[in-house]
Every structure is written in structure tokens, then in C-alpha cells.
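S.K.: model this:
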Amino acid sequence: MKQNHLLLAGFALAIGLTACSGNDSSTTTTSADSSSTATDSNGATNMSNDSSTMSSGANTGAATSSANKPPLGKADSTFVMKAAMGGMMEVEAGKIAQQNAQSDRVKAFGSMMVNDHTNANNELMALAQGRGLTVPTTLPADMQKHLDAMRDMKGKAFDSHYMGMMLNDHKKDVGEFEKESTSGQDDELKSWAGKTLPTLKTHLDSAQALNKARM
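M.R.: Here you go, the predicted model:
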């Protein structure tokens, strides 16, 4: 009997030791897994932070590049203001021509003025804003008064006045744009003036042809 009791006691002790050993291993494994997960999580967070920092740096660089454009000098700024107001005048007068002109050719010329000068004005405004220069969006009083008087003109009287005005204006425009495209101090503005110049010369040629046709 004693021998049997000793055998049972030894068997129970062996089972207990095995159970304790299994629990310790499980705890160690779980702790290691938890530590690994924490490491992965931190690594992912760090990568995310790095990516965010890089993105922020790229955006800052783009903003700095845009802000680094030098302001326009006095002569270039004066040219921009005159070109902007002249362009607005051409657009508004062209709109009136589409309504008040008698000749279909004069109406078509007015439509060309609206389209071409609207595009040129938008480009010039974007260029000026990139240099911190505010371009006026309304005409000065004398130009507005001239437009108001043109609205009261009709038929041949309007055609004669409008085309004479367009001939004189575009002669001046071509001269000023030629000067800016060769003597301007700002490369971007010089390029824009040179690109716009052929369109103004086309306008001048058309105005000359229409004025001769009415003689």
C-alpha cells in the first residue's frame, strides 16, 4: 500500500511540474508577441511620420519657389498696368461693336477683340499676381466715359469711329509690345509680350484693311 501511495504522489508531482512549465512558456511567448507587435506599430508610426514630413517639405519647397519670383521693376509694372487697361478697353469696345456696328465685318472684328484680348488679359493678370502686383479690374473714368459715348452711336457712325479707334490703338500697342519684348527687364514678361505681339499685328492689319474698305 505504501508503495502505491508513493507512486501516486510522484505521478501527481510530475503532472504539476509539467503544467507550470507549460504556463511559463505560454506567458513568455505572449509577451514576446506583444513586444513584437508594439515594435511593428511604432515602426509603422515612424514611417508615417517620415512620409508626412517629406510631403510637408515638398509643399514648402513649392511655395518657396513660387514666392521667390522677384517683383517687377517700375518700367515693367507701368507696362503691365497700361496693357491691362488697354486690354479691358478693347474687350468692352468689342462687345459694343457686336451690338452697334452696321457692317458684319466690323462686328466680326469686335468679336475677335473680345476673344483675343480676354485670353491675353487673363494671362497678364496671372503673371502680375505671381509677382504681387494687383491689376485693376475696372477702367479709369476717361475710358469709361468714352465707352458710354460709343454705346449711343449706331450704324455707319459707329463703324467709322470704332475702326478709327482700333487703328490708332493697335499702332500704339504694337510699338509698346515690341519695346517690352526686346527691352523689358523681366524675362517672363518679355516672353509674354513677344508671344502676344503677333496677335496684335494681326489686329492692326485687319483694322487697316477695314478702314481702307470703308473709304
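
S.K.: which SS state does K69 fall under?
M.R.: coil (DSSP: H, G, I helix; E, B strand; the rest coil).

S.K.: got a list of what it touches?
M.R.: Under the criterion of CB atoms under 8 Å, 6 or more residues apart in numbering, the neighbours of K69 are 130-131, 188. Any C-beta I mention is one placed from the backbone N, CA and C, and that applies to glycine too.

S.K.: Residue ranges in the protein under the pLDDT threshold?
M.R.: Within the chain, the segments meeting pLDDT under 70 span 1-68, 215.

S.K.: most neighbours, which of the contacts of K69?
M.R.: Among the contacts of K69, the one with the most neighbours (other CB atoms under 10 Å) is R131, at 16 neighbours.

S.K.: Backbone dihedrals for that one, both of them.
M.R.: The phi and psi values for R131, taken as degrees, to the nearest 10, are phi -110, psi 10.

S.K.: May I see the contacts of K69 organised as TSV, with distance to L204 added?
M.R.: Output for those, formatted as TSV (distance: CB to CB, whole Å):
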residue	distance to L204
G130	29
R131	28
E188	25
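
S.K.: Which one of those residues is nearest to L200?
M.R.: Nearest to L200 among the contacts of K69, counting by CB to CB, is E188 at 18.5 Å.

S.K.: Looks like that closest one contacts A126 (just checking).
M.R.: No. The criterion here is CB atoms under 8 Å, and E188 misses it with A126 at 10.6 Å.

S.K.: Count the neighbours of A193 for me.
M.R.: Count around A193 with other CB under 10 Å applied: 25.

S.K.: quick one: contacts for it?
M.R.: 79, 177, 180-181, 184 are the contacts of A193 under CB under 8 Å, 6+ apart.

S.K.: Could you list which of those residues belong to strands?
M.R.: If you go by DSSP state E, these have nothing in strands.

S.K.: Let's have the residues you listed in JSON lines, adding distance to T199 and neighbour count.
M.R.: Shown next, in JSON lines, are those (distance: CB to CB, whole Å; neighbours: other CB atoms under 10 Å):
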{"residue": "F79", "distance to T199": "17", "neighbour count": "23"}
{"residue": "F177", "distance to T199": "9", "neighbour count": "24"}
{"residue": "E180", "distance to T199": "14", "neighbour count": "24"}
{"residue": "S181", "distance to T199": "13", "neighbour count": "17"}
{"residue": "G184", "distance to T199": "18", "neighbour count": "21"}
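
S.K.: Need those residues in a markdown table (columns: distance to V114).
M.R.: Below are these laid out as a markdown table (distance: CB to CB, whole Å):
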| residue | distance to V114 |
| --- | --- |
| F79 | 23 |
| F177 | 19 |
| E180 | 23 |
| S181 | 24 |
| G184 | 27 |
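
S.K.: Can you show me the helices along this protein?
M.R.: Using DSSP state H, the helices of the chain run over residues 2-67, 74-100, 104-130, 141-150, 155-183, 187-213.
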